[in-house]
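Peer 1: dropping the sequence and predicted coords here.
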Amino acid sequence: MRYMLLIYGNEAGMAAAPADAVTQMSSAYVAYTEALKKSGAWLGGDRLKPTQSATSVRMANGKTNVLDGPYADTKEQLAGFYMIEAEDVDAAIAWAARCPGASTGTVEVRPIWEMTEYLSEK
Amino acid sequence: MARAAAEAAARQSYGKLVAYLAARTRDVAGAEDALADAFAAALERWPQAGVPDKPEAWLLAVARRRRVDAIRRRLTSEAGRDHLRLIAEEMEARMADEDLPDERLRLMFACAHPAIEAGVRAPLILQTVLGFDAATIASAFLVSPATMSQRLVRAKTRIRETGIPFRVPERAELGERLGTVLEAIYAAFAEGWSDPAGTETLRRNLATEGIWLGRLLATLMPDEPEALGLLALMLFAEARRAARRNAAGDYVPLAEQDLVLWDDTMIDEAETLLRHAAAKSVVGRYQLEAAVQSAHTTRRLTGCTDWVAIKELYDALSVIAGSPVVSINRAVAIAEAEGASAGLSALDELGDDKRLYDYQPYWAARAGLLARLGKVPQASEAYDRAIGLERDPAVRRFLQERRAWLGHAERH
């Protein structure tokens, strides 16, 4: 099954972290990504730029609203994601626990709603 | 401290009541339902007010009072009411002078029955004997709370509907069946142990609870060498807890631990247990693993580790309980006794067991040996795998440091 690992963290805290902690975090992510790839679990994934670079778009009554900033103002912000292939949710949780982001923030595990599933549900 | 003692007493009495009820009805869920409110009240009250003289009678009285209270609707299940009536009748006669018979051993054997899915046995024991909630157990075993709760419910239904017996097996089948109980207890301990910092109190408790269960088992089955062996093994490991992290919270490998931080009392107790077990002359997996730990702790007295003895213990373990974990530890012992390249060959013999791909200790061991042989690029690759597979940030930092130091030795 495919799962999305959504990595949330405190952006301000990350920005204030000392340089060596940042280097350590980056190299941990490199190693984590490599481990995912070597075990055949990796399908995709990327880091996102901070929420200050975000733009939110909404359309209501035929009028488009473009706003600066993220959709929701929360304590932890979406910072990146992985798409992985895992046998079941337990295996996906095991990968989430290894994600360096899990020890500084939260990793949300979400199963992908496969096209085949919702076509068959109709 | 008083709080911990009160909680331990509450668990003790709760477990006894659940076991007593379930052993008579096979209805574990009903027994838990009947006592849930009373147990919650005990966990809240006893730490402040102290443990009552007759803890089981207290729990039962509260459970009965709640039943007639408005809170009654929370005890919706018929089974819960039946349980209470049943126990109340017997207890009234009994409680005045004697204690409740301890049926927890029978409950443990029911929970660890081969007809119960292996992965849910340890969680089931933690819940029924110790009263842990599904969410706490789920975090420790790395599954979602909803899933854990479902698995526990299913297992309890299975106990009732398949007619899993609440009894201690006869001699003839005891060996194998005891094995599943020991394994479940060890699994609970290991989940707590995998959080070495002990910073997360919930997990720390799980190692303590594993030891508590092991102690209970060893008390109830004092003639079973493997029950004693398991308790010894857990005590040896727990004795080193304080030494596994330095003041800054960094990981300290066994070889570099400050011996002063090892808990001598716990080690001595473990040694005594192991001697008692050995006197029964029936070797088993847990006694051998405890003997490995014992060999490690002799460093306390002699200043050095007898790696040849450790390697021989792992040889014996490979024969009776071979697993990738045992093979990796054996390879590490070979490296210490005969040199890094012999150790590496032993690791290579594992070939391409698919299970090792995602197994951090394999890559960490490999990286360490390759580094010692000066094979920098391969060592660095193996370190990367280990780093990527590690979930403990402190161990991850440690591995990253080791990786960063690769090649420095040669350059100087």
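Peer 2: That came in fine, so what should we check first? Residues are numbered from 1 along each chain as shown, chains lettered A, B, ... in the order given.

Peer 1: next, count neighbours for the residue of chain A found nearest chain B.
Peer 2: Closest contact between chain A and chain B, by C-beta to the nearest C-beta, is at residue A:35 (2.8 Å). Heads up, the C-betas are built off the backbone N, CA and C, glycines and all. Per other C-beta atoms under 10 Å in any protein chain shown, the neighbour tally for residue A:35 reads 24.

Peer 1: quick one: contacts for it?
Peer 2: Residue A:35 sits next to A:98, B:358, B:384-385, B:387-389 when contact means C-beta atoms under 8 Å, 6 or more residues apart in numbering or on different chains.

Peer 1: now do it against residue A:87, distance only.
Peer 2: 16 Å (C-beta to C-beta, to the nearest Å).

Peer 1: what about the chain, any weak spots by pLDDT?
Peer 2: Because you didn't say which chain, this covers chain A. Along chain A, segments meeting pLDDT under 70 span A:121-122.

Peer 1: my question was about chain B, not that one.
Peer 2: The model of chain B has pLDDT under 70 over residues B:1, B:66-99, B:194-205, B:409-412.

Peer 1: just among the contacts of residue A:35, which is most surrounded?
Peer 2: residue B:387 (30 neighbours).

Peer 1: quick revisit: and the residue of chain A closest to chain B, how far from residue A:99?
Peer 2: Residue A:35 is 10 Å from residue A:99, by C-beta to C-beta.

Peer 1: how many residues are close by residue A:13?
Peer 2: 12.

Peer 1: get me the contact residues on chain B for chain A.
Peer 2: Within reach of chain A by C-beta under 8 Å from any C-beta of the partner chain, chain B has these residues: B:142-144, B:147, B:357-358, B:383-391, B:393, B:396-397, B:400.

Peer 1: those in helices, which ones?
Peer 2: Mapping these onto helices (DSSP state H) picks out B:147, B:383-389, B:393, B:396-397, B:400.

Peer 1: adding distance to residue B:106 as columns, could you present those in TSV?
Peer 2: Shown next, in TSV, are those (distance: C-beta to C-beta, whole Å):
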residue	distance to residue B:106
B:147	28
B:383	49
B:384	49
B:385	45
B:386	43
B:387	46
B:388	45
B:389	40
B:393	42
B:396	43
B:397	46
B:400	49
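
Peer 1: enumerate the residues of chain A near chain B.
Peer 2: Residues of chain A lying near chain B (C-beta under 8 Å from any C-beta): A:24, A:27-28, A:30-36, A:38-39, A:89-90, A:93-94, A:97-98, A:100, A:102-103.

Peer 1: just to revisit the earlier point, for chain A, state which of the ones in helices among the residues of chain B next to chain A is nearest.
Peer 2: residue B:388 (2.8 Å).

Peer 1: once you drop chain neighbours, what's closest to that closest one?
Peer 2: Leaving aside its chain neighbours, residue B:388 sits nearest to residue A:35 (2.8 Å; criterion: C-beta to C-beta, 6 or more residues apart in numbering or on different chains).

Peer 1: check for me that that neighbour belongs to a strand.
Peer 2: No - in this structure, residue A:35 is helix, not part of a strand, as judged by DSSP: H, G, I helix; E, B strand; the rest coil.
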